[in-house]
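K.L.:
heads up, no residue letters with this:
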């Protein structure tokens, strides 16, 4: 490569270094390597040379052309990368600082998260269980034999009668925990349950429950009442009004039910509370000795309590929803509660 060629490449190098955009690089490319470009014209001149000149100057001009092409490719890559970064930076600055929020968690999911957070702070683990259950875990291991009158209160949806069914209660998860885990333990389990119910404002054939089971060396109703009191205050504030009533459930003895003053009428009486002023929020009690024995646990060595909360009712009270059918409806535009943010 002669001095003229070296000078030409040096001029090209300087021009490329001063080019700050792809358009400027393209202009230079046309000036040097375009069909009428200075370097391309030198190379094209080979056709008019004699064979001896072609053998002498051909490799030199080919080297010049190749070197110029490499210089353009490198500069184009660098300038293109810089332009892309500048473009992204400029457009990023024009975006809002916070992404636009579209939609929100379902009220049931929000309430489950709040309950899980509360019980997590109290040392409970969160678990789950199958919605398609067996008669053994849905009834028998919960002290509900085939001829027990409590079965009449749970109009069961069978898949294969009499053994395969949709669980009627999340207590079936409790039965599985007792059968598969060694105490001491504390668990909670949110989930769906199914019963052949007539759908109205306060009942549905698909509903949600929140199950809890505790087995320790020593525990009592006092611990259960304290847990419920703390829970209701966590969910509805320190002024919440609750009461406990003696209830019968075959899997516990004694059994209790926590009631909360109606969130809609505040004790006066309305359609939500069926004009009694109170809403039953779940069932609970000390685990029955027979349930402990069926799980292979000695009721003289271990004590426990269990509870099943009406999760849908907790949701309705939390968001002032007066019709349970709203929770399973498909109308996204209908929001009969005030959204308080994602929990």
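P.N.:
Received the coordinates, thanks. What you see is a predicted model; the values in this text were computed from it and never measured.

K.L.:
how long is stretch 141-156 from one end to the other?
P.N.:
The straight-line separation of the ends of stretch 141-156 (C-alpha to C-alpha, to the nearest Å) is 17 Å.

K.L.:
now for the top helix by length along the chain, which elements pack on it?
P.N.:
Across the chain, the helix with the greatest residue count (assigned by DSSP state H) is helix 51-93. In this structure, helix 51-93 packs against helix 3-18, helix 22-32, helix 38-44, with contacts taken as 3 or more C-beta pairs under 8 Å, 6 or more residues apart in numbering; DSSP states H and E. The C-beta positions use only the backbone N, C-alpha and C, and glycine is treated the same way.

K.L.:
Now do the domain split for the chain, please.
P.N.:
3-93, 107-328 (automatic domain parsing).

K.L.:
Deepest-packed of these, please.
P.N.:
domain 107-328 (a mean of 17; mean count of other C-beta atoms under 10 Å).

K.L.:
how long is it end to end?
P.N.:
Terminal-residue distance, domain 107-328 (C-alpha to C-alpha): 11 Å.

K.L.:
For that domain, what is the distance to the chain centroid?
P.N.:
23 Å (C-alpha atoms, centre = their mean, to the nearest Å).

K.L.:
any idea of the mean pLDDT for it?
P.N.:
Averaging pLDDT along domain 107-328 yields 92.

K.L.:
what's the burial count for residue 103?
P.N.:
Residues within reach of residue 103, counting by other C-beta atoms under 10 Å, total 6.

K.L.:
nearest residue to residue 194 other than its sequence neighbours?
P.N.:
residue 166 (3.8 Å; C-beta to C-beta, 6 or more residues apart in numbering).

K.L.:
is it true that that neighbour touches residue 157?
P.N.:
Yes - counting by C-beta atoms under 8 Å, residue 166 touches residue 157, with 4.5 Å between them.

K.L.:
shared neighbours of those two, anything?
P.N.:
Jointly contacting residue 166 and residue 157 under the rule C-beta atoms under 8 Å, 6 or more residues apart in numbering are residue 194.

K.L.:
coming back round to it: what about the helices and strands packed on helix 51-93, which gets the closest to residue 123?
P.N.:
helix 22-32 (62.5 Å; C-beta to C-beta).

K.L.:
for the closest one, what is the average pLDDT?
P.N.:
Mean predicted lDDT for helix 22-32 stands at 83.

K.L.:
helices and strands around it, which ones?
P.N.:
helix 3-18, helix 38-44, helix 51-93.

K.L.:
Those helices into JSON lines, with extra columns for distance to residue 230 and mean pLDDT?
P.N.:
Output for these, formatted as JSON lines (distance: least, C-beta to C-beta, whole Å; pLDDT from 0 to 100):
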{"stretch": "helix 3-18", "distance to residue 230": "72", "mean pLDDT": "81"}
{"stretch": "helix 38-44", "distance to residue 230": "84", "mean pLDDT": "77"}
{"stretch": "helix 51-93", "distance to residue 230": "46", "mean pLDDT": "75"}
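
K.L.:
Kindly reformat these as CSV and extend each row with distance to residue 249.
P.N.:
As requested, these are exported to CSV (distance: least, C-beta to C-beta, whole Å):
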stretch, distance to residue 249
helix 3-18, 85
helix 38-44, 93
helix 51-93, 59
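
K.L.:
closest to residue 316 out of those helices?
P.N.:
Here helix 51-93 is closest among the helices and strands packed on helix 22-32 (C-beta to C-beta), at 43.4 Å.

K.L.:
and the closest one with helix 22-32, angle?
P.N.:
170 degrees (axes from the mean of the first three to the mean of the last three C-alpha atoms, to 10 degrees).

K.L.:
Off-centre distance for helix 51-93?
P.N.:
The answer for helix 51-93 is 50 Å, by C-alpha atoms, centre = their mean.
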